[in-house]
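Participant: Dropping a prediction and its sequence here:
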Amino acid sequence: MIPREIFEKLNMREGDIVAFSQVGDNVLMKPRQSRKDDDTLTSEEAKLVRRGEAQLKRGDSRSWRDVKHALAR
């Protein structure tokens, strides 16, 4: 948990993304503007990946060509 005075000083809001890194014997915490460089999945993203993997294992897949055609309608 981030102490309230630090949270407020950094103008953070609940749900904001924070990056941590080690600098010597200290930990550096920086608010992040976006997740674009972050390869960690949220729980919802992980759920979607697991669902997609299960569909592929069952053979429930369509070619990109078919998907594009269906979207164009």
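Facilitator: Done, it's in. Residues are numbered from 1 along each chain as shown.

Participant: contacting residues around the top helix by length along the chain?
Facilitator: Of all the segments of type helix in the chain, defined by DSSP state H, the longest one is helix 43-58. Helix 43-58 is contacted from outside by 41, 61, using C-beta atoms under 8 Å, 6 or more residues apart in numbering. To be clear about C-beta, it is placed using only N, CA and C from the backbone, and glycine gets the same treatment.

Participant: quick one: the residue lying farthest from the centre of the chain from Gln55, how far?
Facilitator: Centroid-distance maximum for the chain: Arg73 at 31.1 Å, with C-alpha atoms, centre = their mean. Arg73 sits 22 Å away from Gln55, going by C-beta to C-beta, to the nearest Å.

Participant: host element of Phe20?
Facilitator: strand 17-23 (DSSP states H and E).

Participant: Going by contacts, tell me the helices and strands next to that strand.
Facilitator: Contact here means 3 or more C-beta pairs under 8 Å, 6 or more residues apart in numbering; DSSP states H and E; on that basis strand 17-23 packs against strand 26-32.

Participant: what angle sits between the strand it packs on and strand 17-23?
Facilitator: 150 degrees (axes from the mean of the first three to the mean of the last three C-alpha atoms, to 10 degrees).

Participant: list the buried ones in the one helix or strand Glu5 maps to?
Facilitator: Using DSSP H and E, Glu5 maps to helix 4-9. Neighbour counts over helix 4-9 (16 or more other C-beta atoms under 10 Å) mark Phe7 as buried.

Participant: I'd like the average pLDDT over it.
Facilitator: If you average the pLDDT over helix 4-9, you get 89.

Participant: so how far is that helix off the chain centroid?
Facilitator: Distance of helix 4-9 from the chain centroid (C-alpha atoms, centre = their mean, to the nearest Å) equals 24 Å.
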